[in-house]
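Chemist: from the sequence below, what's the structure:
(chains A and B)
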Amino acid sequence: MIALVHQAAEEQNPLVPPIPELVIGLVAFAIVFFFLWKKLIPNINKVLEQRREAIEGGIEQAEAAQEEAAEVLKQYKDQLAEARHEAARLRSEAQEQGATLIAEMRAEGQRQREEIIAAGHAQIAADRKQAAQALRQDVGKLATDLAGKLVGESLDDHARQSRTIDRFLDELEEKAEAAR
Amino acid sequence: MQKEFAVSADQMLAFDTDCHLFDGCGFNEVSPGLHSFVFKPIANVGGVDINKTMLLAVLGTVAILWFFWAAFSKPKIVPGKLQMIGEAGYDFIRRGIVYETIGKKEGEKYVPLMVSLFFFVWVMNLWSVIPLAQFPVTSIISYPMGLALIVYILWVGLTFKRHGFVGAFKNFTGYDKSLGPVLPMSMTIEFFSNLLVRPFTHAVRLFANMFAGHLLIVMFTIATWYMLNGIGIAYAGVSFLMTIAMTAFELFIQAVQAYVFVLLACSYIEGALAEHH
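Modeler: Sure, this is the predicted structure:
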């Protein structure tokens, strides 16, 4: 016991390093350093680098997506503006066409109306002429009959031959016209 | 009564559990001290005694490897929970320390070393508050010294490689003509400061912090037990609260010391690579 304590007292200067512990400490540290240096730190550095790239790649992708979205929006707006323009053009064209159509219809109506009126006039004139013809014959016949009764004999053939009545009526007509 | 080893064959604790206040037993008989940092061997492998600190160092190494293997062996672009935590720690060292001091271009190749250093130191510190372990591996000078030695060899080698023999000498001594007559003295001081004192302070800063932290926690823990007698229960309560507070404080110091250790390592390398020191 005394010998042990004596030996301990010799070793008890805390600033004198015990050699076995120095060796064990160095070996232990060397092992830790070796694994971290050769394997584990290169490992983690690689992953940190990959992560950095992944994050930067993500940002780049996001930027690309944003650019694409902007482009699509621009296209969409362009198309919308074009469509609006087209619609306006179609509308004005339709208006023009409508106006033309109305004018044409109006002209057609006018023409048809005039045609109908003209046809009416012609009909009336023809009827009147026919009526006048019939009247003249009747008046001539009546006058000849009347004169025959007065004279006492038929003057038909004569009157017809001589065309006296016609001439008389013509004269009457001329007088009427002159008087008008 | 003789002081026992921190862990002896027949008892877990390094003090006499029957010793209490008001029982005619002084605190000096149970108080922690240098003996709290010496452990009885638990096994003998090939003629080398294996003690608790060595076991914790090995277990800590396994824990670090397990964590980073789980987090980084099959990393994914969309990380899982472990990978996310691992990435946060990795990024903290890479951006927060290495890029800030050495710069991105020159510093990139020192990132694995600095990440390893930080997590190694931190986990070895962390043992201080892990139940059952409760001993910071870094409170044994060998561990900080080994790490400081690696950093020392690296930055001294880098200085020679970058500046040649004369340039390296100027770099170590802070050669500056404008200092005039003070130059020889300044160079002497700088030479000693950089090449001899620097590695020592680099290791001892970590060691002493963890050593003192552990001593404080053990002190309050033992005191709590020691004063647990009669009216002493009230004192024991205060001591217990101090144990809790010191444990929380240790958690903070452990991370800070790991951070400082790596920050200094980076700043030494930065100085070695700089054109004019």
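
Chemist: enumerate the residues of the stretch 51-200 of chain B near chain A.
Modeler: Proximity of the stretch 51-200 of chain B to chain A (CB under 8 Å from any CB of the partner chain) is limited to residues B:53-54, B:57-58, B:60-61, B:64-65, B:68-69, B:71-73, B:75-77, B:83, B:86-87, B:90, B:111-113, B:115-117, B:119-120, B:137, B:140-143, B:145-147, B:149-150. (C-beta placed from N, C-alpha, C; glycine too.)

Chemist: ok, 6 Å please
Modeler: B:54, B:57, B:61, B:64-65, B:68, B:72, B:75, B:77, B:112, B:115-116, B:120, B:140-143, B:145-146 (CB under 6 Å from any CB of the partner chain).

Chemist: for A:Ser162, give me the pLDDT.
Modeler: A:Ser162 carries a pLDDT value of 68.

Chemist: which SSE is immediately downstream of the lowest-mean-pLDDT helix or strand in chain A?
Modeler: Using mean pLDDT, DSSP states H and E, the weakest-scoring helix or strand in chain A turns out to be helix A:2-11, at a mean of 47. Per DSSP states H and E, helix A:2-11 leads on to helix A:19-35 as the next helix or strand towards the C-terminus.

Chemist: quick one: mean pLDDT for that following helix?
Modeler: Mean predicted lDDT for helix A:19-35 stands at 93.

Chemist: give me the number of residues near residue 110?
Modeler: Picked chain A for this. 10 (other CB atoms under 10 Å in any protein chain shown).

Chemist: you answered for a different chain; I wanted chain B.
Modeler: 22.

Chemist: now do B:Ala70
Modeler: Other residues close to B:Ala70 by other CB under 10 Å number 14.

Chemist: correct me if wrong: it contacts B:Leu82.
Modeler: Yes - with contact defined as CB atoms under 6 Å, B:Ala70 counts as touching B:Leu82 (5.1 Å).

Chemist: still on that earlier bit, out of the residues of the stretch 51-200 of chain B next to chain A, which end up buried?
Modeler: B:54, B:57, B:61, B:64-65, B:68, B:72, B:75, B:112, B:115-116, B:120, B:140-143, B:145-146 (16 or more other CB atoms under 10 Å in any protein chain shown).

Chemist: and B:Pro136, its phi and psi?
Modeler: Main-chain torsions, B:Pro136, degrees, to the nearest 10: phi -70, psi 120.

Chemist: could I get the average pLDDT for stretch A:91-99?
Modeler: In the prediction, stretch A:91-99 has an average pLDDT of 94.

Chemist: distance from that stretch to the middle of the chain?
Modeler: 13 Å (CA atoms, centre = their mean, to the nearest Å).

Chemist: same question for stretch B:247-265.
Modeler: For stretch B:247-265, the distance to the chain centre is 8 Å (CA atoms, centre = their mean).

Chemist: other residues contacting it?
Modeler: B:97, B:114, B:117-118, B:121-122, B:125-126, B:128-129, B:151, B:202, B:206, B:209, B:213 (CB atoms under 6 Å, 6 or more residues apart in numbering or on different chains).

Chemist: looking at the residues you listed, which is nearest chain A?
Modeler: B:Leu117 (7.8 Å; CB to the nearest CB).

Chemist: in a strand, B:Phe135, correct?
Modeler: No - if the criterion is DSSP: H, G, I helix; E, B strand; the rest coil, then B:Phe135 is coil and not within a strand.

Chemist: counting neighbours, what do you get for the closest residue to it other than its chain neighbours?
Modeler: With sequence-adjacent residues excluded and distances taken as CB to CB, 6 or more residues apart in numbering or on different chains, B:Phe135 is closest to B:Trp127, at 5.9 Å. Here the number of neighbours of B:Trp127 (other CB under 10 Å) works out to 25.

Chemist: residues of chain A that sit close to chain B?
Modeler: A:5, A:8, A:11-12, A:15, A:17-18, A:20-22, A:24-26, A:28-29, A:31-33, A:35-37, A:40-41, A:43-44, A:47, A:50-51, A:54.

Chemist: low-confidence ranges, chain B, go.
Modeler: B:1-15, B:276-277 (pLDDT under 70).

Chemist: ranges for the strands of it?
Modeler: For chain B, the strands defined by DSSP state E occupy B:43-45, B:48-50.

Chemist: hey, which of these is tucked in deepest?
Modeler: The highest mean neighbour count among these, using mean count of other CB atoms under 10 Å in any protein chain shown, belongs to strand B:48-50: a mean of 15.

Chemist: can you list the strands that that strand pairs with?
Modeler: Note on strand B:48-50: by DSSP bridges, its sheet partners are strand B:43-45 (antiparallel).

Chemist: what's the strand it pairs with in contact with?
Modeler: With contact meaning CB under 6 Å, 6+ apart, strand B:43-45 is reached by B:Ile50.

Chemist: go with 8 Å
Modeler: B:49-50 (CB atoms under 8 Å, 6 or more residues apart in numbering or on different chains).

Chemist: ok now that strand, how far from the chain's centre?
Modeler: Distance, centroid of strand B:43-45 to centroid of chain: 26 Å (CA atoms, centre = their mean).

Chemist: and stretch B:136-155, by the same measure?
Modeler: So, by CA atoms, centre = their mean, the centroid of stretch B:136-155 is 8 Å from its chain's centroid.

Chemist: and what of stretch B:166-178?
Modeler: 31 Å.

Chemist: just the CA trace of it, in PDB.
Modeler: Coordinates of the C-alpha atoms in stretch B:166-178 are reproduced here as PDB (Å, rounded to 0.1, in the frame of the first residue of the first chain):
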ATOM      1  CA  VAL B 166      15.200  32.800 -43.500                       C
ATOM      2  CA  GLY B 167      11.500  33.700 -44.100                       C
ATOM      3  CA  ALA B 168      10.400  31.300 -41.400                       C
ATOM      4  CA  PHE B 169      13.000  32.700 -39.000                       C
ATOM      5  CA  LYS B 170      11.700  36.200 -39.700                       C
ATOM      6  CA  ASN B 171       8.100  34.900 -39.300                       C
ATOM      7  CA  PHE B 172       8.900  33.300 -35.900                       C
ATOM      8  CA  THR B 173      10.700  36.300 -34.500                       C
ATOM      9  CA  GLY B 174       8.400  38.900 -35.900                       C
ATOM     10  CA  TYR B 175      11.300  40.600 -37.700                       C
ATOM     11  CA  ASP B 176      10.500  44.300 -38.400                       C
ATOM     12  CA  LYS B 177      13.200  46.800 -39.200                       C
ATOM     13  CA  SER B 178      11.300  49.800 -38.100                       C
END
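
Chemist: flag every buried residue along that stretch.
Modeler: B:167-168, B:170-175.

Chemist: what about these, which are in helices?
Modeler: Those of the buried residues of stretch B:166-178 mapping onto helices are B:167-168, B:170-173, per DSSP state H.

Chemist: in a markdown table, list those residues along with distance to B:Trp155.
Modeler: What follows is these, written out as a markdown table (distance: CB to CB, whole Å):
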| residue | distance to B:Trp155 |
| --- | --- |
| B:Gly167 | 14 |
| B:Ala168 | 11 |
| B:Lys170 | 15 |
| B:Asn171 | 10 |
| B:Phe172 | 10 |
| B:Thr173 | 15 |
